[in-house]
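Undergrad: here is my input, please return the structure:
(2 chains)
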Amino acid sequence: MSKEITSREQDYSQWYNDLVIKAGLADYSAVRGCMVIKPYGFALWENMRDQLDKMFKATGHQNAYFPLFIPKSFLSKEAAHVDGFAKECAVVTHYRLKNDPNGGGIIVDPDAKLEEELIVRPTSETIIWNTYKTWIQSYRDLPVLVNQWANVVRWEMRTRLFLRTTEFLWQEGHTAHATAQEAIDETMKMLGVYAEFAEEWMALPVVKGVKSVNERFAGAVDTYCIEALMQDGKALQSGTSHFLGQNFAKAFDVKFSDKENKLDYVWATSWGVSTRLIGALVMAHSDDDGLILPPKIAPIQVVIVPIFKGEDQKKLIDEKIDPIIQDFKALGISVKYDDDDSRRPGWKFAEYELKGVPVRIAIGVRDLENNVAEVARRDTKAKESVSLDGLANTVKVLLDDIQSSIYKKAKAYRDTHITKADTWDEFVKLLDEKGGFISAHWDGTAESEEKIKELSKATIRCIPLNNPKEEGKDILTGNPSSERVLFGRAY
RNA sequence: CGGGGCGUAGCGUAGCCCGGUCAUCGCGCCACAUUUGGGAUGUGGAGGUCGCAAGUUCGAAUCUUGCCGCCCCGACCA
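TA: Residues are numbered from 1 along each chain as shown, chains lettered A, B, ... in the order given. Below you'll find the model as predicted:
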């Protein structure tokens, strides 16, 4: 069978790729660089999306929707923004096809050329700020706190399932405020929402920090991020929250009258997370047997596998298990009873492990006699015989335990992979042999950062929030430095 | 866009160097039987313009040329 997945040790990229495909999350599509998100993967995304959406609404945001197409001229209004995105945009130039008069297939009708080309949005700042201009006149119209769930397109040269695909799903929040401070507060608040979601729901420990100038979002004044660490020691930027200052307000001429009737440009933020989070989830927790999903977002939290020979035995199990399934549902636990007789138990065990279902319950007639079931947890693979009385409650406690124990495991890994380096040799050795975040001094210049990247392939992942000040010397140049920053090789 | 590699059944592949029952094997699929507490076994079966086109030849998956597509490394990348 080709069901075995490549080992992590052997080839991490291959392992990841196999896992995503074989667990049924996603697959390659007919369109280069794009992927098909399959039902199981989408169910996972929906759970994540729904929770994020709740958190956005709890912080006062509303959803809206803006066009997929952006007139080319919009994109060029903010100089840094266009520089950052121009190289990876898909462009619509025509609006009609016709039959090839020379026979054969169908061709683009040369007479149907657009006056102004349309860009398939790589992000929506421009179209949204062009719209906000019409929404905002007075301080009474502020703040505007809007989020959009959408797809975007970035024509990347090389793609990887979930981590970097040509088209991806995400949410992008775009807010407008009367003061700089309020916008900065919003930026930090949403960074906090992302960190909370990652840690409490995805069981993914993250470092909150600010990006260096080189890594900053095109058009932002400051870019904040959450950075996570994968099991191969590489970092993954998992979410960003940007303070945009008045850059977009100036580019799109969005002014408001304050209480003193003074005109000023509004202050902006934008923030986003994408289906890349699924990639983070896969790489942070899974093992060689498959996915390990945190119970809080797993599409199936519990699977029940009956073990029977013949209809009579199945009937006995069905009768016993039926009320237990109702108990699970009453507790809000998503449960699947897999009584498909065309697959054998061993096949199912392996399949649900591959899919990362947190808890598996196996029950056969010999268990019925003892009023027990075999309960297996996916994260540690520990199995034990548990009484059928109060089974749903027992499992509920177990699910909570799994949630916290996979977080602890990921956090222990992360914490032991933040390492200080004080010399260049040490820095390179750590990157090559251990991976993870390297905490090292940096003189604060773009030149040094570039040079370090060139020599070591490591980038500044972030300058952690509340970073302690410390006198030191730049890891490469030896120039004086006032703090350590986190370096790492990244996806 | 530079460097390397690949295209044979739904998937993964052998054969190619040295043209001639070569279209191989595994998984998957279908049927039946025996099975069912860790990815079952047996028997039988279906499924292919060997990426496309032209050429060489009595004969091409195999040799030649052109085209198309994909993958990997680099460059690129919030």
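
Undergrad: ok, the most centrally placed residue in chain A - contacts?
TA: Geometric centre of chain A, nearest residue: A:Leu277, 1.6 Å, by CA atoms, centre = their mean. Contacts for A:Leu277 (CB atoms under 8 Å, 6 or more residues apart in numbering) come out as A:48, A:198, A:202, A:238-239. Any C-beta I mention is one placed from the backbone N, CA and C, and that applies to glycine too.

Undergrad: within range of RNA strand B, give me the residues from the stretch 251-400 of chain A.
TA: Counting by CB under 7 Å from any atom of the strand, the stretch 251-400 of chain A comes close to RNA strand B at A:272, A:289-290, A:307-310, A:341, A:344-347, A:349-351, A:353-354, A:360, A:362-367, A:373-374, A:376, A:381, A:383.

Undergrad: what subset of those is buried?
TA: A:272, A:290, A:307-308, A:351, A:353-354, A:360, A:362-365, A:367, A:373-374, A:376 (16 or more other CB atoms under 10 Å).

Undergrad: look up phi and psi at A:Met190.
TA: phi -70, psi -30 (degrees, to the nearest 10).

Undergrad: ok, it - contacts?
TA: A:59, A:173, A:241, A:269, A:271.

Undergrad: and A:Lys336, how many residues sit next to it?
TA: By the measure other CB atoms under 10 Å, the count of residues near A:Lys336 is 15.

Undergrad: was I right to think it contacts A:Ile300?
TA: Yes. Using CB atoms under 8 Å, A:Lys336 is in contact with A:Ile300, at 4.8 Å.

Undergrad: so which of the contacts of A:Leu277 would count as near RNA strand B as well?
TA: Okay, of these, nothing touches RNA strand B (CB under 7 Å from any atom of the strand).

Undergrad: out of those residues, which sit inside strands?
TA: The strands, defined by DSSP state E, take in A:238-239 from the contacts of A:Leu277.

Undergrad: hmm, back to that, now do the SS call for the residue nearest to the centre of chain A.
TA: Classification of A:Leu277 using DSSP: H, G, I helix; E, B strand; the rest coil returns helix.

Undergrad: out of the contacts of A:Met190, flag the one nearest to A:Pro71.
TA: Nearest to A:Pro71 out of the contacts of A:Met190 is A:Gly173 (CB to CB; 22.7 Å).

Undergrad: how far does the host helix or strand of that closest one sit from the chain's center?
TA: Assigned by DSSP states H and E, A:Gly173 falls within strand A:167-177. Computed by CA atoms, centre = their mean, to the nearest Å, the separation of strand A:167-177 from the middle of its chain amounts to 13 Å.

Undergrad: does RNA strand B have contacts with it?
TA: No. Using CB under 7 Å from any atom of the strand, strand A:167-177 stays clear of RNA strand B, with a minimum separation of 7.7 Å.

Undergrad: pLDDT on that strand, on average?
TA: The pLDDT scores in strand A:167-177 average 96.

Undergrad: and that strand, what does it pack onto?
TA: Helices and strands touching strand A:167-177, by 3 or more CB pairs under 8 Å, 6 or more residues apart in numbering; DSSP states H and E, are helix A:39-58, helix A:125-135, strand A:144-153, helix A:180-196, strand A:267-274.

Undergrad: name the residues contacting each of A:Lys336 and A:Ile300.
TA: Joint contacts of A:Lys336 and A:Ile300 (CB under 8 Å, 6+ apart) are A:Val357.

Undergrad: returning to what we had before: state the distance from the residue nearest to the centre of chain A to A:Pro39.
TA: A:Leu277 sits 18 Å away from A:Pro39, going by CB to CB, to the nearest Å.

Undergrad: quick one: residues contacting the closest residue to A:Ile37 other than its chain neighbours.
TA: In space, and not counting its chain neighbours, A:Ile37 is closest to A:Ala26: 5.0 Å by CB to CB, 6 or more residues apart in numbering. Going by CB under 8 Å, 6+ apart, A:Ala26 touches A:20, A:35-38, A:41, A:161-162.
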